[in-house]
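show me how the following folds:
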Amino acid sequence: MKLLTAAAALETLGPNYRVTTRVYADSKDPSILYLVGAGDVTLSRTAPGTSSVYRNAPKLADLVRQIASKAPGQTISQIVLDSTLYGSPNGEYQNVWDQRGLTEGYMSYVSALQVDGDRANPGSKDSARSKDPVTKAGEYFKQALGQSATAAVISKGVAPADAVEIASVRSAPLSTWIDYMLVVSDNTLAEAIARLVSLEVGQDGSFASLTRAYQIALEGTRINLTGLKVEDGSGLSRFNQVSPATINE
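Coordinates of the predicted model:
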């Protein structure tokens, strides 16, 4: 299933595609920040000069540096977390996935906003995950902001259309994601890539959209997709259906 996910991504997004995570300030109250998830699960809380399991991942520290440059001395009163790009604003976990994926650390909730793939230890591939990656991302962001955000209240919401962009970071290219996903069978990356494919081909990024999204993504390959059923991008669901012939093609 990860091979299928990689093929769909390369056919639509391409190997050089990068995800941009942005921070906005409220247009009326610059003490309110919006951290908007764009599907980059590699965004990292690691310190400059150190690395998570994801090579060349963008860092919260770089977002904070840009914010401090744009608004020096600004006290932060609120941090609003926007993870509404696809699915639930809180993240989703397939009901057929084993809950041990969280405790054993081989799968996270699927959310457009999360940090280090929601790993408790960003340097360990199989590290325990939480049940609320979005809030965790907000907590890490608040910590990175330091003294300016000591009293900041974290909430979930949607960035208003008139919010002002004040910081952004870009992911490593999709080719880097795909390489790591296939070599170590990273489920979190697989699900992130699947949803980006869905959005790219005009679907809504949900679990339910994936079969149609992959059909659209791969239609130009002439691969026979008869009977294809995509329940997830990682292959964890036992209800995925794809023939050996399709994989061979």
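
show me the contacts for residue 108.
With contacts defined as Cβ atoms under 8 Å, 6 or more residues apart in numbering, residue 108 is in contact with 41, 91, 102, 114, 117-119, 129-130, 133, 187-188. Just so you know, the C-beta spots here come from the backbone N, C-alpha and C atoms, and that holds for glycine as well.

so which of these is the closest to residue 245?
Nearest to residue 245 out of these is residue 187 (Cβ to Cβ; 24.8 Å).

quick check: closest non-adjacent residue to the closest one.
Take residue 187 and drop its neighbours on the chain: the residue closest to it by Cβ to Cβ, 6 or more residues apart in numbering is residue 234, 4.0 Å away.

name the element that neighbour belongs to?
Residue 234 belongs to no helix or strand when assigned by DSSP states H and E.

list the contacts of it.
Neighbours of residue 234 in contact, by Cβ under 8 Å, 6+ apart: 1-2, 5, 107, 187, 190-191, 194.

mind running it again at 6 Å?
187, 190-191 (Cβ atoms under 6 Å, 6 or more residues apart in numbering).

same question for residue 96.
residue 237.

my guess is it is in a strand, correct?
No. Inclusion of residue 96 in a strand is not indicated when DSSP: H, G, I helix; E, B strand; the rest coil is applied; the result is coil.

what separates it from residue 2, distance-wise?
Per Cβ to Cβ, to the nearest Å, residue 96 is found 17 Å from residue 2.

repeat for residue 42
Residue 42 is 16 Å from residue 2, where distance means Cβ to Cβ.

ok, these two, which is more surrounded?
A count of neighbours by other Cβ atoms under 10 Å puts residue 42 above the other of residue 42 and residue 2, at 28 against 19.

hmm, residue 53 and the more buried one touching each other?
No. Using Cβ atoms under 6 Å, residue 42 makes no contact with residue 53, being 8.7 Å away.

quickly list what's touching both of these two.
Joint contacts of residue 42 and residue 53 (Cβ under 6 Å, 6+ apart) do not exist.

just the helices in this protein please.
2-12, 60-70, 100-103, 133-145, 174-184, 187-200, 210-218, 244-248 (DSSP state H).

residues in contact with residue 139?
Under the criterion of Cβ under 6 Å, 6+ apart, residue 139 has no neighbours.

check it and give its pLDDT.
Looking at residue 139, its pLDDT stands at 98.

how much space is there between it and residue 112?
For residue 139, the distance to residue 112 - Cβ to Cβ - is 17 Å.

for residue 71, the count of nearby residues, please.
Using other Cβ under 10 Å, residue 71 is surrounded by 17 other residues.

export the lowest-mean-pLDDT helix or strand in the chain to PDB, keeping only CA atoms.
Lowest on mean pLDDT, DSSP states H and E among the helices and strands of the chain sits helix 244-248, with a mean of 93. The C-alpha coordinates for helix 244-248 follow below in PDB (Å, rounded to 0.1, in the frame of the first residue of the first chain):
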ATOM      1  CA  PRO A 244      -0.800  -8.400  -6.800                       C
ATOM      2  CA  ALA A 245      -1.000  -7.600 -10.600                       C
ATOM      3  CA  THR A 246      -1.700  -4.000  -9.800                       C
ATOM      4  CA  ILE A 247       1.400  -3.800  -7.500                       C
ATOM      5  CA  ASN A 248       3.500  -5.500 -10.100                       C
END
